[in-house]
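Novice: Just need the structure, nothing else, for what follows:
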Amino acid sequence: MTPKDPPLYPDDAIPEPQHNGRGALSNASSRYDSEKRIRTTDGWEASAEQAPEDGELPPLRTTLTRDATRTILARNTSPDVPFDRSINPYRGCEHGCIYCFARPTHAYLGLSPGLDFETRILFKPDAARLLVAELASPKYRCDVVAMGTNTDPYQPVERELKVTRQILRVLSDFNNPVGIVTKNHLVTRDIDILADMARRNLAEVFLSVTTLDRDLARTMEPRASAPYRRLEAIRELAEAGVPVGVMTAPMIPGLNDHEMESILEAAMAAGATRAGFTVLRLPLEIKDLFEEWLRAHRPDRAERVLSLIRQMRGGALYQAEFGLRMRGEGPIAQLLAARFSAAVKRLGLNRIRYRLDTLRFAVPESARTALVDARRDARQMKLL
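Specialist: Alright, predicted model coming up:
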């Protein structure tokens with residue numbers, strides 16, 4: 001007889017307690033870790049008599065760490081996106097959207113794509129200075145800079161840190177166009193900069209609205225702005241003259257896809273002129289995180305939702321192929337695309353495509369002087 005393999009989890013393994021205001025329900029180790037964290041009990045946990053009356057744990061606090069990156073512009077060659085450069089002021093996102101496709105990037109830091117992703121945030125305090133150096137370089141060629149492509153530039157910590165606002169000031173000074181996607185009403189704080197850039201055809205903003213159901217949004221996107229606040233942001237941006245659109249993304253069959261038309265109608269009424277959509281993506285760790293969340297918060301429809309996702313993904317929960325990962329395949333994916341096209345046509349959205357101006361780009365004299373001084377200082381350091 002051969003000895004049995006040891007159990008995958010010890011007998012005293014217990015689930016992660018649910019933290020109020022957070023999206024993920026667990027904090028599994030990074031896929032790159034050789035050791036796996038298992039939550040266990042020593043038997044000394046609080047009794048029912050000692051527990052808080054409402055049964056909730058104290059809030060899980062957000063911790064901030066300085067990101068010592070030496071570059072700020074990220075480049076990509078993906079055929080699925082209409083831009084080749086982006087800026088991410090933050091790594092990790094406090095919004096805590098359970099479906100966020102950026103979650104697996106925290107594994108590269110040795111952190112969990114689960115609760116770590118939404119509670120352990122890296123910020124880039126030198127972003128504006130680094131951007132000045134990159135834009136002032138003779139090698140730089142102007143094009144639209146995308147923000148909000150990975151983590152949200154207007155997540156809650158931006159209110160105090162103002163990294164995104166500093167970046168926008170630099171882009172405005174250089175006349176470099178920017179396109180922003182966000183789920184936070186906080187974007188309206190920067191209307192002074194965005195409206196000024198829009199008058200020069202240098203700015204466009206999309207609000208991501210996944211649902212109009214506040215209860216669903218509260219659990220699925222716990223620290224993003226409430227749906228009605230995102231619609232208010234669309235209205236305020238439009239009234240200020242900033243071209244604004246709506247992203248109904250991601251559409252999750254059996255969960256929020258029935259709201260697609262009503263979201264587009266509400267956004268159009270608020271002033272949106274453009275719209276886009278994607279279907280749910282579940283790469284790497286997100287598959288387990290999303291399924292765990294779904295079974296906890298929508299147990300009555302979990303099996304149906306997972307089945308519909310598999311029908312869009314060739315029997316799996318995810319397809320990584322370019323061209324398919326954003327839209328899926330099969331009858332359900334085709335129906336979603338057809339519904340979106342019909343609604344957009346009926347509502348008169350996407351009739352105008354804003355082509356942001358890349359010909360205004362110019363390096364300010366102050367940036368030229370700073371670049372010359374920096375090069376001189378660097379040469380002097382080499383001589384020492």
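Novice: make it CA atoms for all contacts and neighbour counts henceforth
Specialist: Will do.
Novice: can you give me the strands for the stretch 101-250 of the chain?
Specialist: Ranges of strands in the stretch 101-250 of the chain, per DSSP state E, counting those that start in this stretch, are 120-123, 145-147, 178-182, 203-208, 244-251.
Novice: Of all those, which one is nearest Asn76?
Specialist: Closest of these to Asn76 is strand 145-147, at 11.1 Å (criterion: CA to CA).
Novice: Sheet-wise, list the partners of that closest one with their directions.
Specialist: strand 85-87 (parallel), strand 178-182 (parallel) (DSSP bridges).
Novice: Could you export those strands as CSV, including mean neighbour count?
Specialist: Below are the strands paired with strand 145-147 laid out as CSV (neighbours: other CA atoms under 10 Å):
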stretch, mean neighbour count
strand 85-87, 20
strand 178-182, 23
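Novice: As TSV, the ones you listed with distance to His258 would be great.
Specialist: As requested, the strands paired with strand 145-147 are arranged in TSV below (distance: least, CA to CA, whole Å):
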stretch	distance to His258
strand 85-87	32
strand 178-182	22
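Novice: These into TSV, with extra columns for mean pLDDT and distance to Gly323?
Specialist: As requested, the strands paired with strand 145-147 are arranged in TSV below (pLDDT from 0 to 100; distance: least, CA to CA, whole Å):
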stretch	mean pLDDT	distance to Gly323
strand 85-87	95	19
strand 178-182	98	21
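Novice: closest one to Val163 among those?
Specialist: Using CA to CA, the strands paired with strand 145-147 put strand 85-87 closest to Val163, at 11.0 Å.
Novice: List the contacts of the helix or strand just after the closest one.
Specialist: Sequence order places strand 90-91 as the next helix or strand after strand 85-87, per DSSP states H and E. If you take CA atoms under 8 Å, 6 or more residues apart in numbering as the criterion, strand 90-91 is touched by His106, Ile121, Leu122, Phe123, Lys124, Thr151, Asp152, Pro153.
Novice: For strand 90-91, the averaged confidence score.
Specialist: Strand 90-91 carries an average pLDDT of 96.
Novice: Give the helix, strand or coil label for Thr65.
Specialist: Per DSSP: H, G, I helix; E, B strand; the rest coil, the local secondary structure of Thr65 is strand.
Novice: What's the local residue count around it?
Specialist: Thr65: 13 surrounding residues under other CA atoms under 10 Å.
Novice: and what of the one 10 residues further on?
Specialist: Around Arg75 sit 12 other residues, with neighbours defined as other CA under 10 Å.
Novice: partners of it in the sheet?
Specialist: Beta bridges link Arg75 to Arg85, judged by DSSP bridges.
Novice: Next, the contact list for it, please.
Specialist: Asp84, Arg85, Ser86.
Novice: In contact with the second one, which residues?
Specialist: By that I understand Arg85. Arg85 neighbours (CA under 8 Å, 6+ apart): Leu73, Ala74, Arg75, Asn76, Val144, Val145, Ala146.
Novice: And the first one, by the same measure?
Specialist: Contacts of Asp84 were listed using CA under 8 Å, 6+ apart, and they are Arg75, Asn76, Thr77, Ser78, Val145.
Novice: Roughly how far does the first one sit from Thr164?
Specialist: Taking CA to CA, to the nearest Å as the measure, Arg75 and Thr164 are separated by 18 Å.
Novice: Thank you kindly, that will do.
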